[in-house]
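Asks: show me the folded form of this:
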Amino acid sequence: MNKIDFSPENISALFQKAVDEAIEQHRIKGESIAVSVQGKVKIVPPEEITPLADKLKQRAAQKHSQETV
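Replies: Below is the predicted model:
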């Protein structure tokens with residue numbers, strides 16, 4: 001039987017993946033999302049949502065630059 005990794009790092013990564021996929025589905029379906037900006041709700045239209053592939057590339061570049069510092 002496989003063991004489930006309940007470490008904080010794994011839970012955080014799984015949560016981030018779920019959020020990323022939900023946002024990507026909204027973008028694909030042409031649905032807006034609501035985000036909080038300085039405590040106020042901002043509606044983001046689908047054409048302003050960054051595609052998930054681009055978002056993942058940005059994160060990888062940020063991680064790489066943080067590791068080289």
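
Asks: the helices in this structure, which residues?
Replies: Using DSSP state H, the helices found in the chain span residues 8-29, 52-67.

Asks: burial count for Ser32?
Replies: A count of neighbours around Ser32, defined by other CB atoms under 10 Å, yields 14. Every residue, glycine included, has its C-beta placed from N, CA and C.

Asks: which ones are touching it?
Replies: His26, Ile43, Val44, Pro45, Pro46 (CB atoms under 8 Å, 6 or more residues apart in numbering).

Asks: ok, and the closest non-adjacent residue to the residue nearest in space to the middle of the chain?
Replies: What sits nearest the mean C-alpha location of the chain, by CA atoms, centre = their mean, is Asp20, with 3.6 Å. In space, and not counting its chain neighbours, Asp20 is closest to Leu52: 5.6 Å by CB to CB, 6 or more residues apart in numbering.

Asks: can you check Glu21 too?
Replies: Per CB to CB, 6+ apart, closest to Glu21 is Leu52, 7.5 Å.

Asks: ok, now Thr50?
Replies: Nearest non-adjacent residue to Thr50 (CB to CB, 6+ apart): Gln58, at 7.8 Å.

Asks: okay, the one you found: pLDDT?
Replies: pLDDT, Gln58: 95.

Asks: same question for Lys42.
Replies: pLDDT, Lys42: 98.

Asks: next, find the distance separating it from Ser36.
Replies: Distance, Lys42 to Ser36, by CB to CB, to the nearest Å: 7 Å.

Asks: swap in Lys55?
Replies: In terms of CB to CB, Lys55 sits 18 Å off from Ser36.

Asks: repeat for Gln16
Replies: 17 Å.

Asks: out of these two, which sits in the more crowded spot?
Replies: Gln16 (11 against 8).

Asks: tell me the pLDDT at that one?
Replies: On pLDDT, Gln16 comes in at 95.

Asks: residues contacting it?
Replies: Counted by CB under 8 Å, 6+ apart, Gln16 has zero contacts.

Asks: could you rerun that using 10 Å?
Replies: Arg59 (CB atoms under 10 Å, 6 or more residues apart in numbering).

Asks: the closest residue to Lys29 other than its chain neighbours: neighbour count?
Replies: Nearest residue to Lys29, sequence neighbours excluded (CB to CB, 6+ apart): Pro46, at 7.6 Å. When neighbours are defined as other CB under 10 Å, Pro46 has 14 of them.
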